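Engineer: Got a predicted structure plus its sequence, pasted below:
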Amino acid sequence: MTNNVTVVTHPLVQHKLTIMREKDTSSKSFRQLLREISHLMAYEVTRTLPMTTKRIETPLCEMDAPMIEGKKLALISILRAGNGLLDGILELIPAARVGFVGLYRDPETLQPVQYYFKVPTQLEDRVTIVVDPMLATGNSSVAAVDLLKKSGARDIRFMCLLAAPEGIKRMQGAHPDVSIVTAAIDSHLNDHGYIVPGLGDAGDRMFGTK
């Protein structure tokens, strides 16, 4: 981990990511692999959740057992591709509250345009995990975090599949308090704002669109 960025180097994550990068991987396989990777990465992004203890009774005796402290987590998906990571995390944390930020990138300016925003209440009391497969220019991610902070979120973590150095720099400059968890930091962005070598457009590959 460097400068608030954690790269998940677990062999299963890296193996599955390689299959996802291949251009001939089907949409069905891509979605399934994204769900599987999100399971594995969720362990890392939740590693430092605050803990407390609860008095319980096992079949043998009473004990003080560890429990996650505070209100239930908030999972925020940046539409539409974020839903691929969201579904996997929800399988591990089904009680989490869920929100959505709808942003699309203007193809000319590469700036984010908001079209939807619906998030849980009391974000100031929740650990908030934002998910989007790609941290490319960072503009949409920064805009999403801006909106979440205006809604009260204070403990925000960002989880993505791939990150570009440009996106990391943008996020760190705007929100240095937000930790980033990713499976890989790729080389650079091309002239169209796509991550290279990357895996193409994550949303298109998930849903079979162009």
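Structural biologist: Right, received. Where do you want to start?
Engineer: Which elements pack onto the helix or strand containing Thr18?
Structural biologist: Assigned by DSSP states H and E, Thr18 belongs to helix 11-21. For helix 11-21, the elements it packs on are helix 27-45, strand 155-163, strand 179-185, judged by 3 or more C-beta pairs under 8 Å, 6 or more residues apart in numbering; DSSP states H and E. All C-beta spots, glycine's among them, are computed from the backbone N, C-alpha and C.
Engineer: Mean neighbour count, the ones you listed: which tops it?
Structural biologist: When the helices and strands packed on helix 11-21 are scored by mean count of other C-beta atoms under 10 Å, the highest mean neighbour count falls to strand 155-163 (a mean of 25).
Engineer: Run the chain-centre distance for it.
Structural biologist: Averaged C-alpha coordinates place strand 155-163 at 4 Å from its chain's average position (C-alpha atoms, centre = their mean, to the nearest Å).
Engineer: how about that strand as CSV, C-alpha atoms only?
Structural biologist: The C-alpha atoms that make up strand 155-163 are tabulated as CSV, following Å, rounded to 0.1, in the frame of the first residue of the first chain:
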residue,chain,number,x,y,z
ASP,A,155,-15.4,7.5,5.9
ILE,A,156,-15.3,6.8,2.1
ARG,A,157,-13.4,4.0,0.4
PHE,A,158,-13.1,3.5,-3.4
MET,A,159,-12.9,0.1,-4.9
CYS,A,160,-12.1,-0.5,-8.6
LEU,A,161,-10.8,-3.3,-10.9
LEU,A,162,-8.3,-1.2,-12.8
ALA,A,163,-6.8,2.2,-12.2
